[in-house]
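*Asks:* Requesting a structural model of the entry that follows:
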Amino acid sequence: MSYRTAFLSSVTLDDVRGARKMLSGVARETALESSRYLSRTVGAPVHLKCENLQRTGSFKLRGAYVRIAGLLPEERAAGVVAASAGNHAQGVALASSLLGVHATVFMPRGAPLPKVSATREYGAEVRLHGQVVDETLAAAQEYAAATGAVFIHPFDHPDVIAGQGTVGLEILEQCPEVRTIVVGMGGGGLAAGIAVAVKALRPDVRIVGVQAEGAACYPPSLAAGHPVSLESPATMADGIRVGQPGAVPFGIVGELVDEVRTVSEDQLSAALLLCLERAKLVVEPAGASPVAALLAAPERFDGPVVAVLSGGNVDPVLMQRVLRHGMAAQGRYLAVRLRLTDRPGALATLLGVLSAADANVLDVSHVRTDPRLGLTEAEVELHLETEGPEHCAEVGRALRDAGYPVIA
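*Replies:* Presented below is the predicted three-dimensional model:
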């Protein structure tokens with residue numbers, strides 16, 4: 001028996017169906033929204049499975065609730081512990097509260113304050129420890145060993161995977177004609193659960209997993225035939241920033257997921273921006289990863305397509321940065337530095353040139369005291385909103401034609 005097939009029987013369609021009964025009245029059956037823009041891009045119907053509108057803002061509640069609900073009475077009495085930077089933390093907190101179980105959640109010291117506050121408001125005791133999730137995870141496991149609390153893994157457990165698989169059952173009911181399901185992957189729990197449910201009922205449906213390029217632990221692991229660890233996974237998409245696949249989901253993914261694709265940070269930013277502008281949906285970078293894959297290679301997906309928007313818990317500060325990054329990736333955001341003569345009306349004249357070029361000024365920084373500048377010089381940094389790459393080039397030409405030396 002191969003490493004992959006060793007775990008394939010650990011989660012079955014009956015397990016997923018049982019999880020769905022358990023989640024009745026707890027997890028929402030989230031909407032499936034069509035996207036005209038993505039449908040035109042792909043050349044086939046594209047639908048968005050809105051798990052960003054799930055309770056706690058992500059699919060994580062499904063798996064966390066099923067795992068905790070399945071504990072023995074004595075295990076519930078000992079409480080549960082988890083480690084997470086956000087979505088899993090909130091899922092465990094709410095599930096524990098609904099089931100009357102005490103939850104302790106370890107979060108990194110740098111975790112976004114809105115996620116920390118939400119986890120506390122859902123009823124968990126939050127302990128801030130470490131700077132990265134690996135340190136937080138170690139602290140949570142030490143706590144479990146010392147206190148007897150049950151450690152709730154975010155993806156590497158059959159009950160968690162069965163809970164996440166309920167997303168797949170909903171997709172088949174909401175879009176019976178689906179041919180491709182695209183889902184973001186970190187440790188692989190969601191993709192594994194969806195694959196178990198969907199392949200058992202519709203083996204013809206293609207399942208495509210998506211990872212961020214800087215945290216793509218599955219491609220090398222699948223090539224090696226066993227989970228391998230990345231030294232330092234790096235991506236803005238913290239929901240899929242996982243350094244090593246879980247043993248249980250890895251076995252399922254290796255057998256049932258048809259393809260794993262990767263996307264860049266620019267593509268993630270552009271996808272998040274598209275979800276906000278075109279679909280009017282707030283989605284975190286990890287949740288936007290399936291959309292990023294569709295935009296990057298639309299010809300690779302047979303429709304109808306369902307893209308799973310796995311979460312919407314994005315920190316407002318990160319959202320601002322990502323949106324600007326996405327606009328820049330699409331050529332709709334331009335930052336320039338230039339020098340001008342430091343005299344009354346000089347800045348107004350410059351702004352007049354930009355106005356004539358139809359560039360929208362978002363921010364202006366005016367420096368007069370830098371030692372690199374001459375006595376009669378000033379340096380200006382401008383952040384501009386533009387209409388696309390061609391417009392960016394037009395703005396640059398307008399500035400040069402007006403005699404402004406552009407530094408950057």
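*Asks:* for the chain, what are the low-confidence residue spans?
*Replies:* 1-9, 132, 325-326, 329-331, 368-371, 373-376, 408 (pLDDT under 70).
*Asks:* Pull out the buried residues from the longest helix seen in the chain.
*Replies:* In the chain, assigned by DSSP state H, the helix with the most residues is helix 158-174. Applying a neighbour-count criterion of 16 or more other C-beta atoms under 10 Å, one finds 158-172 buried in helix 158-174. The way it works is simple: take the backbone N, C-alpha and C, and place the C-beta from them, glycine included.
*Asks:* So which of these is the closest to L190?
*Replies:* Q164 (4.6 Å; C-beta to C-beta).
*Asks:* residues contacting L350?
*Replies:* Listed by C-beta atoms under 8 Å, 6 or more residues apart in numbering, the contact partners of L350 are 338, 340, 380, 402, 404.
*Asks:* could you dump those residues to JSON lines with distance to V42 and secondary structure?
*Replies:* Output for the contacts of L350, formatted as JSON lines (distance: C-beta to C-beta, whole Å; DSSP: H, G, I helix; E, B strand; the rest coil):
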{"residue": "L338", "distance to V42": "41", "secondary structure": "strand"}
{"residue": "L340", "distance to V42": "47", "secondary structure": "strand"}
{"residue": "V380", "distance to V42": "42", "secondary structure": "strand"}
{"residue": "A402", "distance to V42": "43", "secondary structure": "coil"}
{"residue": "Y404", "distance to V42": "42", "secondary structure": "coil"}
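*Asks:* Mind putting these into a markdown table with neighbour count and distance to G79?
*Replies:* Below are those laid out as a markdown table (neighbours: other C-beta atoms under 10 Å; distance: C-beta to C-beta, whole Å):
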| residue | neighbour count | distance to G79 |
| --- | --- | --- |
| L338 | 18 | 60 |
| L340 | 19 | 64 |
| V380 | 19 | 58 |
| A402 | 16 | 68 |
| Y404 | 18 | 64 |
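*Asks:* Widest-spaced pair of those residues?
*Replies:* Across those, no pair lies farther apart than V380 and A402, at 13.0 Å, counting by C-beta to C-beta.
*Asks:* And the helices in the stretch 251-400 of the chain?
*Replies:* Assigned by DSSP state H, counting those that start in this stretch, the stretch 251-400 of the chain shows helices spanning 265-278, 289-296, 316-329, 346-356, 389-401.
*Asks:* what about these, which gets the closest to L13?
*Replies:* Among the helices of the stretch 251-400 of the chain, the nearest to L13 by C-beta to C-beta is helix 289-296 (23.1 Å).
*Asks:* Burial check on H129, number of neighbours?
*Replies:* H129: 18 surrounding residues under other C-beta atoms under 10 Å.
*Asks:* Next: the one 10 residues further on.
*Replies:* Other residues near A139 come to 19 when the count uses other C-beta under 10 Å.
*Asks:* repeat for R324
*Replies:* R324: 18 surrounding residues under other C-beta under 10 Å.
*Asks:* looking at it, it is touching A335, isn't it?
*Replies:* No. Counting by C-beta atoms under 8 Å, R324 does not reach A335; the two are 9.0 Å apart.
*Asks:* How about the contacts made by F301?
*Replies:* F301 makes contacts with 42, 44, 180, 182, 208, 293-294, as judged by C-beta under 8 Å, 6+ apart.
*Asks:* Ok, G312 next?
*Replies:* Going by C-beta under 8 Å, 6+ apart, G312 touches 52-53, 57-58, 281-284, 287.
*Asks:* Most neighbours among those, which one?
*Replies:* Among the contacts of G312, G287 has more neighbours than the rest - 34 neighbours, counting by other C-beta under 10 Å.
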